[in-house]
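J.: sequence-free structure coming up:
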């Protein structure tokens, strides 16, 4: 009986709104009305209120308007017989509760500012379990995973399971399905998060199990995350509530699992989530709502057995997940990528300065290798005692009709995350500086080095089936063999680096489009050339080429660049034609090498954003992990909000970190020598390449001439510094001519 | 011989059998009571007077003084060439088409003249010439303005600002009123139709020029010796009917909503049992809410309630009949006391202290019935008076609306003490949820944030709802009162067809209890029941009066716009029905539904049997022209199944005739999605 749900949710809406009204009154009586209300480091204010109502909450006083709005949404109560229609009222009551919950969390930021631990991972020893709302750095970093499909959606879990074992089973199943698990509230004095900790499961953003907060109100952070994704990646404007919610229904595959009895406070939250198209599946006997429309399929499904709830949930949400079944005794999936192996959990390790650990992928002759063969030359880890170290050489030979030497580094780069995907195994670094840590738990489950080979063989076949026919893995664990492999590998790396280094835009006739993120940013089209890697930092020209070989109808399509219309700014007729078509006529042309004149479009996934600084006759750039102010007057997150969403915004352009030191970086505007400011953290990260490129350009001390936030965060502050060090930009032709 | 004559004279007059005359127990009781009291009603007259056979066939022409020419079709039909003709040579097709056209003209003029009155009152509101009417729903005004080409914002110094509401109102009033008689251009609301439909009309040359002109042109064309090509006549019917549905009626609905509020769902009751023994009972009967809105306001005023109390009544009970009843039902929850065929019966309760009427569907016999009781029968409209002496005429004028309304209510109160001893109010009444409109349905399909017809479409696509039917129209004393209405609606909902109702069908369904959400679990197929349960709606949605059939057109347009069910009204799994029609307005409504792409089935009979070629043209050929066509089926179950078959045909064409598979989406599927 939907009527009972409506009755409960509307009752809950009234309770929640009244309670939060009381809290707000108290807060206003205790604190000044202009006391700041904010979630940590976000450009989206209280994100649900901001995204749906377009209302920016910055102070306690600002909470009054959405509070009043929530009150106004509350519908009349439902009569027992001859009632009026209730679906609309039910959804409105749910929305009123969601808004009130966010207001409640806003008030908490004033009354109890240290309630949450705003980091990626909790500090369990210090008792700081609840992380609260994700900041924009986490949003963008994790959001990209939602965009590229690494994480197809999220499960919002409220309550507690009957036992910790059941909680662990369910959450690990979601991890295997690559979903994020957003947790809030408890039931009967415990919560899923408590239960997972009891069962020894690592929680935090790193393992995709996010402990938002102990109250049902903290469930609103999941919706805030989803709505920020709609704004950041989908380019939906704040206040355009219909679009925001439909975007969520169509593109953010989330759902709610309620464990424990659903009271009115949960019922109204669940009703609120239906506005987003997020259905609720429960383990208790609540009335079901099966017809479709607001959600893609069912709205409320009750009485789901615990061992079926994961599968049922993704089906009800209409989500197809690709679960990797690999024959190893450990769980495997992206959710385990961020899992750490701490000192006390460590069984054995290789690399990391203790021993040598090297990885190499090489193309082989089809007849020379056996597919699926995994050899261990030397002792296996099972032969070692706890605490011992060992050297390791991972040598992978691949063969296939479509395989090219150029794809070797792409395959090799997969080793890092694929090994990391194994539960209980941690992988750091790459090439000849790899480091693998194996946990006791993994050993208990029967881990052998062989399994690394099994994983790499299976995943290479799965992900690169169009180019590979055979994969053979050899694992060397004797020092002499490893050293020999390392020597050979270093020569290979050098050869490869030179090959990539020497590739130029002029020499290649084919560029590649990238519409990978069109699942989230439907109008955005990137074009990737050898000297302009994708702005997300994830795809360079070679990756796109390989991706096209692997999936000829996929998101990376070859573009014949055609006639060069402007060699300085980097514009080609073939590219323009393609972009015009792919953006449905929204973008008719753009330049590869300029941010001043018709720059390339930018989506919310960009690693860095460069902006003009007219007073300095230069350009600044800022990475998404820098939270502070910048000389252009906007933080990264504000910049991304202003110019993301598939727009071409003269004066700004999104780019990858790597692109900064590529030869063609804004060469139409004067190139790297135009760069007068970047945050210290970015400067440090690319230091080596930056110095090298400075030398090439005849300014060997360019690194020192680029200002950072220690010099200043306004044009006025940095200009004297630039003059003092004689920054080359100051003597270049005017940026705007 | 003398004896025989005497015997004939002594033979008692034939009277209706109450049980076979109606399915409604309240009606049955009142027919029996009328017969006991010797008061003759429409039910008795239907037994004694047979309809004219040639008129039934549609082939009697009295358009000139050389006639009436009568062209009945022989019982055996005609083999070979049809040589029937009138004095002037008019064929059966011409005569039946002319008669049909004149029905369209009369129906369209009734709706549209009603619309004109509303527009005139609205103009006086916009000009601030009346205190009594106001703009109650500014949101609706702002929503309708752009469709009339009226701007709702202004630009000032590069900034877009909201335009002054009074200014909008005045321009809307002027533009709206111009629709009746403008000298050039076309009906502006035609563009509210889905684009392919508008374009089809344009291509066929049937977009109305203005409302009045199309009606006048029918009268001209059907004059002796003008248009003698039935197809050309039907084409003109289309112009006039579209000018009604997408013009006069739609403007009436819109402006009524602006002045009196767009309806939202509310609870009320229906049937004669709503009258109260100890209250002053006032029946409001007719069609225009201009009058009834004021009567409601007057009757709810403290002054009048106290006055009623002072006269020994516990209060004032209003009850509606026909579409006035629906107007005050959907906006104020005033219960309808009955359908068209119950108008005399309301007086026969002996509890009706006054019956106030305006225009359309008012029996002249009310005056004769009222004479037998204390009831004051008050006509209010200058164009609708009665010859009988006991009828009072209080002319209602929008500039003194409240004053007039109070005078009428006071008259009813004063009459309370004149009631005879023999009051008998039937105990029958049923609860109903009414007040659905295009806007409120949208809201209830998803709330403030997600309200959208897509929710409906999705459940049509997934097969829970098989289709949508508009079941509307009158009662007809030639058929058993309400029988076909109820049988058809029940058969439709049993087969998972959601029903939209207006007019007397709405009242009939309410009386039968079909307008409650609880009904869904009893009478509906499982799919429709589940959707009703989810949304909390009855399986039959009451959309208002007969001008409010325009709401059905706009709801259909919204369904098209919401996507997934084709791009034109004719693509929808939908059908129309008027089970017990009698009014010429029904013919106009039927024709605008047909030419908007809806398969429309009438009950009882159609005056076309004498001209089979014309009949085939309307029943079959029109589908190729407009996507919709006429049909007639008196048997209610067959009638419903003809509609269902059409719905299934459309489902098949849309490819939704099979169970929908659950589609699980991965990232590649998401990338394929159109940007919305």
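T.: The structure has been received and is ready for your questions. From a predicted model like this one, the values you see are computed outputs, not experimental measurements. Residues are numbered from 1 along each chain as shown, chains lettered A, B, ... in the order given.
J.: now residue 83, what's its secondary structure?
T.: Picking chain A for this. Three-state call for residue A:83 (DSSP: H, G, I helix; E, B strand; the rest coil): coil.
J.: looking at chain B here, not the other one
T.: Here residue B:83 takes the coil state, with states given by three-state DSSP.
J.: For it, give me the pLDDT.
T.: Taken from the predicted model, the pLDDT recorded for residue B:83 is 94.
J.: What's the separation between it and residue B:74?
T.: Relative to residue B:74, residue B:83 is positioned 12 Å away (criterion: C-beta to C-beta, to the nearest Å). For the C-beta atoms, the positions are set from N, CA and C on the backbone; glycine is no exception.
J.: got it, and residue B:274?
T.: The spacing between residue B:274 and residue B:74, counted by C-beta to C-beta, is 50 Å.
J.: do residue B:185 as well
T.: Note on residue B:185: its distance to residue B:74, by C-beta to C-beta, is 48 Å.
J.: if you count what's nearby, which of the two comes out ahead?
T.: In terms of neighbours (other C-beta atoms under 10 Å in any protein chain shown), residue B:185 is the more surrounded of residue B:185 and residue B:74; the figures are 11 against 8.
J.: backbone phi and psi for the more buried one, please?
T.: Recorded main-chain torsions at residue B:185 are phi 90, psi -160, according to degrees, to the nearest 10.
J.: Assign the closest residue to it other than its chain neighbours to helix, strand or coil.
T.: For residue B:185, the nearest residue in space outside its immediate sequence neighbours is residue B:209; the separation is 7.4 Å by C-beta to C-beta, 6 or more residues apart in numbering or on different chains. Under three-state DSSP, residue B:209 falls in the coil class.
J.: got a list of what residue B:209 touches?
T.: The contact partners of residue B:209, taken as C-beta atoms under 8 Å, 6 or more residues apart in numbering or on different chains, are B:184, B:185, B:186, B:187, B:239.
J.: how far away is it from residue B:242?
T.: 11 Å.
J.: Quick check: neighbours shared by those two?
T.: residue B:187.
J.: and residue B:2, what pLDDT?
T.: Residue B:2 carries a pLDDT score of 45 in this model.
J.: Repeat that for residue B:9.
T.: For residue B:9, the predicted pLDDT is 55.
J.: burial count for residue 367?
T.: Here I'm looking at chain A. Around residue A:367 sit 8 other residues, with neighbours defined as other C-beta under 10 Å.
J.: Chain B, not that one
T.: 17.
J.: which ones are touching it?
T.: Contact partners of residue B:367, counting by C-beta under 8 Å, 6+ apart, are B:377, B:386, B:388, B:390, B:391.
J.: Residue A:580 against residue A:574, yeah?
T.: No. With contacts defined as C-beta atoms under 8 Å, residue A:580 does not count as touching residue A:574, sitting 10.9 Å away.
J.: State the distance from whatever residue of the stretch 601-737 of chain A ends up closest to chain B to residue A:556.
T.: Distances from the stretch 601-737 of chain A to chain B, computed as C-beta to the nearest C-beta, single out residue A:646 as the nearest residue at 9.3 Å. Between residue A:646 and residue A:556 the computed distance is 17 Å (C-beta to C-beta).
J.: tell me the mean pLDDT for the helix or strand hosting residue B:631?
T.: Taking DSSP states H and E as the criterion, residue B:631 maps to strand B:630-632. Rounded to a whole number, the mean pLDDT of strand B:630-632 is 98.
J.: Tell me which strands that strand pairs with, and in which orientation.
T.: Strand B:630-632 has the following sheet partners, assigned by DSSP bridges: strand B:599-602 (parallel).
J.: ok, then the element right after the partner strand?
T.: Sequence-wise, the next helix or strand beyond strand B:599-602 is helix B:612-616, with elements assigned using DSSP H and E.
J.: buried sites along that next one?
T.: Under the neighbour-count criterion of 16 or more other C-beta atoms under 10 Å in any protein chain shown, helix B:612-616 has B:612, B:614, B:615 buried.
J.: restrict these to those near chain A?
T.: Restricting the buried residues of helix B:612-616 to those adjacent to chain A (criterion: C-beta under 8 Å from any C-beta of the partner chain) removes every one of them.
J.: Out of the residues you listed, flag the one nearest to chain A.
T.: For chain A, the closest of those turns out to be residue B:615, at 41.1 Å, with distances computed as C-beta to the nearest C-beta.
J.: Point out where the stretch 401-550 of chain A drops to low pLDDT.
T.: In the prediction, the stretch 401-550 of chain A carries residues with pLDDT under 70 at positions A:517-523.
J.: all strands of it, in order?
T.: With DSSP state E, counting those that start in this stretch as the criterion, the stretch 401-550 of chain A has strands at A:425-428, A:435-439, A:470-476, A:510-514, A:526-528.
J.: deepest of these, which one?
T.: When neighbours are counted by mean count of other C-beta atoms under 10 Å in any protein chain shown, the highest per-stretch mean among these falls to strand A:526-528, a mean of 27.
J.: Could you tell me how far that one lies from the centre of the chain?
T.: The chain centroid and the centroid of strand A:526-528 are separated by 20 Å under C-alpha atoms, centre = their mean, to the nearest Å.
J.: Direction included, what does it pair against?
T.: Assessed with DSSP bridges, strand A:526-528 is paired to strand A:510-514 (antiparallel).
J.: Report the contact partners of the closest residue to chain B within the stretch 301-450 of chain A.
T.: Distances between the stretch 301-450 of chain A and chain B by C-beta to the nearest C-beta are smallest at residue A:320, namely 3.7 Å. Neighbouring residues of residue A:320 by C-beta under 8 Å, 6+ apart: A:152, A:314, B:664, B:665, B:666, B:669.
J.: Quick check, pLDDT for it.
T.: The predicted structure scores residue A:320 at 86 on the pLDDT scale.
J.: If we ignore the residues flanking it in sequence, what's nearest it?
T.: Spatial nearest neighbour of residue A:320, excluding adjacent residues (C-beta to C-beta, 6+ apart): residue B:664 at 3.7 Å.
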